[in-house]
Every structure is written in structure tokens, then in C-alpha cells.
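J.: Structural data only, the sequence is not supplied:
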């Protein structure tokens with residue numbers, strides 16, 4: 001419709017009867033204390049004209065009631081939308097004289113209870129609704145959602161209302177407190193989240209993960225009887241100094257995760273035991289059916305070296321790989337410099353190496369410890385090996401031709417890898433049949449850490465076959481099973497000490513022995529983990545919620561705004577924060593008290 005025609009459309013006005021007023025108060029219960037006498041449809045908005053029913057009002061400064069009217073004025077208050085259009089309350093407001101002689105307020109304006117507050121142009125319910133949008137969606141998304149409902153609001157206003165929300169004034173810590181860290185900037189800046197394990201509500205957020213910060217908070221909020229945490233040393237120290245009487249519980253999931261990491265290192269270390277060498281093995285010449293009965297020529301010198309099968313430390317020609325040689329030489333040089341008294345920083349400058357690299361070499365007991373991953377890593381060619389062996393025995397001995405055929409079967413590696421694999425075959429009468437492909441390290445670890453009754457049917461026999469081929473993995477499987485039984489049976493106080501003793505006596509499990517040494521440093525908390533029913537599950541759920549809130553604001557949320565949203569965000573239906581957020585309306589604030597700048601996150 002053209003603007004001229006739209007301007008000529010008459011306004012629709014309805015006088016409100018007693019029955020109509022009752023109906024309006026049912027639809028808008030916060031207008032129950034007002035006298036409603038007119039409803040107007042302007043086309044762009046719905047306007048309800050109203051006035052107060054009260055005969056008197058109380059002074060906001062001294063609280064003295066007064067019925068002496070000084071004057072009045074018209075006030076328009078924006079309310080929630082009606083049918084997708086803005087709803088405005090045209091309120092006739094009276095100004096009263098204060099009857100107290102010493103009150104600095106000579107006159108004051110009346111306020112409609114549950115609808116208006118001083119210096120507010122929006123109704124109290126609307127402000128609460130916008131604040132709820134801000135808690136859930138932050139500034140820009142909250143403003144967009146309000147726009148779809150017919151409520152025009154700026155993103156900064158939504159953030160301002162969120163920042164004005166009152167926080168729960170906690171003077172004591174919850175009886176069961178969960179502590180964990182979260183990333184403000186992953187890999188660089190971290191904070192600490194404190195969670196009430198009983199309700200799942202976030203109690204507070206701390207700007208770092210230092211022991212002194214946690215200690216100060218615990219001393220300012222006494223009352224924690226149980227503290228659930230991970231195995232971080234800073235949290236152990238802060239909890240011990242801040243709440244010395246509290247019971248510290250190391251979370252069971254973190255304990256199982258630490259055991260899984262050690263088990264994976266052990267499997268990586270001994271994965272080479274599971275490999276069947278295709279050539280050059282002493283047992284392959286007579287026992288392998290693929291080359292049985294084939295006479296093997298006697299070779300010496302360079303020919304003998306050429307028949308050595310490539311493994312993690314040797315290449316196809318039987319020579320030591322460059323990575324192995326370089327690692328051994330670098331380890332020897334770093335150890336020599338450390339024995340000469342040089343500092344880590346001086347070694348970094350002299351060898352032009354990163355500090356973390358030098359630290360890793362300095363902490364290693366031998367060069368072989370550094371070469372474990374390189375010598376036992378999985379190969380992309382493992383699942384393709386039967387095909388080049390078959391084609392080699394059929395007469396296709398060109399590595400480039402084999403590489404082209406493998407590409408058609410899904411191989412994405414280089415021709416150099418294929419050439420390195422078939423090089424030992426040239427000294428043999430026929431290519432030996434490759435042994436069964438060794439499962440990946442993580443696959444083997446998963447089998448060891450999974451309950452046998454939860455493995456798939458085709459996986460039931462795999463763990464037994466793996467453990468039969470390597471005694472170290474077999475011993476690892478026993479240690480993992482013992483630890484799992486201790487955790488599920490909650491027998492940590494009875495069985496943890498004996499488990500640690502067995503691990504420390506097993507010289508073939510250096511990674512588990514390292515785990516046991518770390519447990520010794522925090523043994524009481526670790527003992528409580530598989531003994532008591534407390535865990536950090538709700539803390540981990542809160543951390544996931546923090547990640548979601550950060551991503552809503554595209555990573556631009558400052559700590560103050562993030563803390564406000566996390567603390568006031570309801571954790572579970574019926575929780576303390578959930579009940580408060582449903583019944584809370586923003587408090588009145590003076591214009592000059594409104595903050596003018598907020599953290600980013602619109």
C-alpha cells in the first residue's frame with residue numbers, strides 16, 4: 001500500500017468494558033493492577049491505554065506513603081509483542097508530593113507494580129525476556145530472535161541486560177565441589193570452573209588455573225567437604241592449602257584415560273612383535289608355504305645385507321635409516337653436553353633446536369625410547385601388501401607398474417614406498433606370502449580397554465590372538481583387567497597398593513611404571529577415586545557447555561561476559577539457577593549507572 005493510502009487508514013479503537021478488562025488481564029497478567037480503558041490498533045503496533053488503580057504511592061527514597069497528587073504525565077512503556085507486532089502501554093502516571101519533611105525528594109512518580117521501574121522504557125516482563133534471550137544466545141542472536149517476535153532491540157542492549165543480572169551470592173562452597181580447567185584460548189590461556197556436583201550448577205569461574213587462585217577462593221568460601229578434580233598438581237596443591245579438611249577425589253575417567261595413554265604407548269612399543277617379516281626371517285625360508293621347497297642361494301657380504309628385511313630401524317637395503325642414525329647421534333650429543341654441565345637453554349642455542357625437543361631428549365633414558373614410535377608406526381601399505389606379492393609371483397616385477405595397479409585399488413602413497421617394499425623380493429625366487437595385517441595401535445588398545453562382553457562378535461577372538469603373540473602385551477592386558485575390576489568394584493582402598501606393587505616389579509612395562517610413579521605422588525586422591533561414589537562427570541558437562549557458549553559468540557567473549565552467562569545459565573531442570581532465571585526481573589538502575597562498554601560477543 002502506498003504511504004499516502006496507508007496514512008489515510010483510520011486507527012481502530014476499542015473501548016474496554018469490564019468483561020474486556022478481565023480478558024486482557026488473563027492474557028497479560030502483569031496488567032492486573034491497572035485500569036484498562038482503551039485498546040488501539042495503529043497498524044504497526046497495539047497500544048493499551050491504562051492508569052493506576054492505587055489511591056496512594058510510596059516515596060522511593062524514604063518509603064513514606066502519600067496520596068497528595070502534584071501532577072501527572074503520559075508514559076509509554078514497551079511490552080512483549082502481540083501477534084508479532086509491538087505492544088505498547090500508554091500509561092497515565094501521577095506525580096505525588098512526599099509528605100516527609102526531611103526527605104530530599106519533593107515529588108516522585110508512581111510505579112506500576114510488576115510493570116514499570118524508574119528510568120525504564122520497557123516493561124519488567126519484557127526486560128526479563130530479553131535478558132533470557134541474552135543468556136541463551138548472547139547479543140546479536142538474541143536481538144534477531146526478539147525481532148522475529150516483533151520486539152526491536154539492539155544487541156548491546158541485550159548484553160547490557162545480561163550484565164545487569166544479579167549473581168547468586170555464595171558465601172560458602174558446596175559440600176561436593178568439582179574443579180577442572182577450560183580453555184579461554186586453547187593452548188595459551190586457561191581458566192578454572194567450579195561446579196556444584198550435587199546440582200550441576202556452575203558456582204564460579206576463575207581467570208587462571210594457578211594453585212594460589214584456587215586456594216584463595218576456597219579460603220573465601222569455606223564448606224567444601226569433597227573436592228573432585230583431575231590429577232593436575234596445581235589443583236591438588238590449591239585444594240590442600242585452601243581446604244585442608246576436604247577429601248580430594250581423583251576423577252575415575254581421568255584415571256582410566258591416563259591408563260589408556262600408557263597402554264597405547266606400550267602397544268606402540270611392542271607392535272613390532274606382532275609383525276610377520278615377509279623375507280629375511282630365519283623361519284620364513286622353510287615354514288612359509290608360499291616359498292616352501294624353493295632352494296635359496298648362499299649369499300654373503302652386500303648380497304646378504306640386501307636380503308635383510310626392512311623394519312623400523314633398517315631400510316630395504318639393510319642399512320640403518322637416516323632417522324634412526326640422526327636420533328642416536330643427537331641423543332648422544334645432548335647427553336654429552338648435559339654431562340658437561342651445559343644448560344637446556346645453552347644446548348638449544350648451540351644445536352638450534354626447540355626447547356621442548358631438547359627436554360624430550362634429556363628426559364629419555366635411551367635413544368631407543370625416542371625411536372619407539374618411528375620404528376613401530378603403522379604403514380599405509382599394510383592392507384595392500386597381499387596384492388603386490390601376488391602380482392610379483394605372476395611376473396610383474398616393475399615397481400612403477402605395481403604402483404599404477406595399486407592406485408586403481410585405492411592406494412594413495414608414492415611409488416618410492418612400493419619400490420622399498422618389493423626390493424627384498426629381487427633376491428628371492430618368489431615373493432613370500434605376507435602375514436596377516438597387524439591391527440592399528442589404537443585398535444589393539446581399544447580391545448584391551450573394552451569389556452570382553454561388549455566387543456563385537458568378529459572381535460571376540462582378536463585380543464587373545466594378540467596377547468599370545470607378545471608376552472608384554474599379554475602382561476599389559478592383565479594389568480588393565482585388574483585395574484578395571486578395581487574401578488568397577490570400587491575397591492581402590494583395598495587393591496590399589498597391591499596393583500602399584502605389581503606394576504613397579506614388572507620391568508617390561510616402563511610406561512605403566514611411569515604411571516605408577518605419578519600415582520604415588522597423588523596416591524590418596526587416586527585411592528579415593530575408585531573407592532568413593534564421587535566423580536567429575538557434571539564438571540565435564542559444564543565444560544562442554546562453556547565451549548558451546550564460546551562458539552555462540554564466535555570466540556570474542558570476554559571473561560566477564562562468559563562468566564556471567566555460564567554462572568546464570570541453568571544446568572538442569574529444577575536446578576537452583578533454573579528456578580531463579582524463571583522468576584527474575586532486572587533491578588532498577590539509574591541511567592548514569594548503566595555501563596557504556598561491554599566485552600565483545602554481540
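T.: Done, it's in. Keep in mind it's a predicted model, so treat the numbers as computed, not measured. Numbering: from 1, shown residues only.
J.: Low-confidence stretches in the stretch 151-300 of the chain?
T.: The stretch 151-300 of the chain contains residues with pLDDT under 70 at 275-300.
J.: Poorly predicted segments of the chain, please.
T.: 1-10, 275-321, 372-379, 435-436, 555, 571-602.
J.: can you rerun that using 80?
T.: Residues of the chain that meet the criterion pLDDT under 80 lie in 1-13, 16-17, 83, 271-324, 365-383, 428-429, 432-438, 555-557, 570-602.
J.: Residue 217: neighbouring residues, count only.
T.: Other residues within reach of residue 217 by the criterion other C-beta atoms under 10 Å amount to 21. The way it works is simple: take the backbone N, C-alpha and C, and place the C-beta from them, glycine included.
J.: Next: the one 4 residues further on.
T.: Residue 221 is flanked by 19 other residues according to other C-beta under 10 Å.
J.: Can you report phi and psi for the residue nearest to it when sequence neighbours are not counted?
T.: Once flanking residues are discounted, residue 221 sits nearest to residue 173: 4.2 Å by C-beta to C-beta, 6 or more residues apart in numbering. Backbone torsions for residue 173, taken as degrees, to the nearest 10, come to phi -80, psi 150.
J.: any idea how far residue 173 is from residue 159?
T.: Residue 173 is 29 Å from residue 159, where distance means C-beta to C-beta, to the nearest Å.
J.: and the two? which has more neighbours close in?
T.: Shown here are residue 173 and residue 159; by other C-beta under 10 Å, residue 159 has more neighbours (27 against 23).
J.: what about the more buried one, distance to residue 151?
T.: Taking C-beta to C-beta, one finds residue 159 at 16 Å from residue 151.
J.: One more: residue 497?
T.: 64 Å.
J.: need the contact list for residue 204.
T.: Contact analysis of residue 204 by C-beta atoms under 8 Å, 6 or more residues apart in numbering lists 170, 193, 194, 217, 563, 567.
J.: The first one: helix or strand, and which one exactly?
T.: Element membership for residue 170, per DSSP states H and E: none, as it lies in no helix or strand.
J.: Around it, how many other residues sit close by?
T.: 16.
J.: and what of the fifth one?
T.: In terms of burial, residue 563 registers 21 neighbours under the definition other C-beta under 10 Å.
J.: sec struct for it, please.
T.: helix (DSSP: H, G, I helix; E, B strand; the rest coil).
J.: Report the beta-bridge partners for the nearest residue to it once chain neighbours are set aside.
T.: Closest residue to residue 563 apart from its sequence neighbours, by C-beta to C-beta, 6+ apart: residue 205 at 4.3 Å. Beta-bridge pairing for residue 205 (DSSP bridges): residue 193.
J.: contacting residues for residue 205?
T.: Neighbours of residue 205 in contact, by C-beta under 8 Å, 6+ apart: 191, 192, 193, 194, 559, 562, 563, 566, 567.
J.: hmm, try it at 6 Å
T.: For residue 205, the contact set (C-beta atoms under 6 Å, 6 or more residues apart in numbering) comprises 191, 193, 563, 566.
J.: cool, residue 567 as well?
T.: 167, 202.
J.: Are we agreed that it is in a helix?
T.: Yes - under three-state DSSP, residue 567 falls within a helix.
J.: count of residues packed around the residue lying closest to residue 463 once chain neighbours are set aside?
T.: Closest residue to residue 463 apart from its sequence neighbours, by C-beta to C-beta, 6+ apart: residue 447 at 4.5 Å. Residue 447 has 20 neighbours, counted by other C-beta under 10 Å.
J.: Check residue 86 too.
T.: Residues near residue 86, counting by other C-beta under 10 Å, number 18.
J.: any idea whether the residue nearest to residue 463 is helix, strand or coil?
T.: helix.
J.: Correct me if wrong: it contacts residue 461.
T.: No - applying C-beta atoms under 6 Å, one finds residue 447 not in contact with residue 461, separated by 10.3 Å.
J.: State which helix of the protein is the longest.
T.: helix 124-148 (DSSP state H).
J.: Tell me the helices and strands packed up against that helix.
T.: Packing partners of helix 124-148 (3 or more C-beta pairs under 6 Å, 6 or more residues apart in numbering; DSSP states H and E): helix 155-163.
J.: what's the angle between the helix it packs on and helix 124-148?
T.: Computed by axes from the mean of the first three to the mean of the last three C-alpha atoms, to 10 degrees, the angle separating helix 155-163 from helix 124-148 equals 140 degrees.
J.: in the following helix or strand past helix 155-163, what's buried?
T.: Downstream of helix 155-163, the next assigned helix or strand under DSSP H and E is strand 176-185. For strand 176-185, the neighbour count (16 or more other C-beta atoms under 10 Å) marks 176, 177, 178, 179, 180, 181, 182, 184 as buried.
J.: who touches the fourth one in this structure?
T.: Read it as residue 179. Per C-beta under 6 Å, 6+ apart, neighbours of residue 179: 194, 229, 235.
J.: Mind doing that once more with 10 Å?
T.: 192-195, 203, 206, 209, 214, 217-218, 224, 227-230, 232, 235-236, 238-239, 248, 251, 536, 539 (C-beta atoms under 10 Å, 6 or more residues apart in numbering).
J.: can you give me the helices in the stretch 301-450 of the chain?
T.: When secondary structure is read from DSSP state H, counting those that start in this stretch, the stretch 301-450 of the chain shows helices at 302-306, 322-339, 344-351, 355-363, 367-370, 372-375, 386-393, 399-408, 415-422, 441-449.
J.: The third one - contacts with which helices or strands?
T.: Same thing as helix 344-351. With contacts defined as 3 or more C-beta pairs under 10 Å, 6 or more residues apart in numbering; DSSP states H and E, the packing partners of helix 344-351 are helix 322-339, helix 355-363.
J.: about what we covered before: in this model residue 225 seems to touch the residue nearest to residue 221, though I could be wrong.
T.: Yes - Residue 173 is in contact with residue 225 according to C-beta atoms under 10 Å; the separation is 8.9 Å.
J.: residues shared between the contacts of the two?
T.: 243, 246.
J.: ok, back up a step: determine which of the helices of the stretch 301-450 of the chain approaches residue 98 most closely.
T.: Residue 98 lies closest to helix 355-363 among those, at 71.2 Å (C-beta to C-beta).
J.: After the helix or strand harbouring residue 484, which helix or strand is next? Please name it.
T.: Per DSSP H and E, residue 484 falls inside helix 471-488. Later in the chain than helix 471-488, the nearest helix or strand by DSSP H and E is helix 492-505.
J.: Make TSV from the contacts of residue 205 and add distance to residue 140 to it.
T.: Formatted as TSV, these follow (distance: C-beta to C-beta, whole Å):
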residue	distance to residue 140
191	24
193	25
563	20
566	19
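J.: ok, so of those residues, who is nearest residue 79?
T.: When the contacts of residue 205 are ranked by distance to residue 79 (C-beta to C-beta), residue 566 comes first, at 29.9 Å.
J.: And the closest one, how far from residue 235?
T.: In terms of C-beta to C-beta, residue 566 sits 19 Å off from residue 235.
J.: More neighbours: those two, which one.
T.: A count of neighbours by other C-beta under 10 Å puts residue 566 above the other of residue 566 and residue 235, at 25 against 22.
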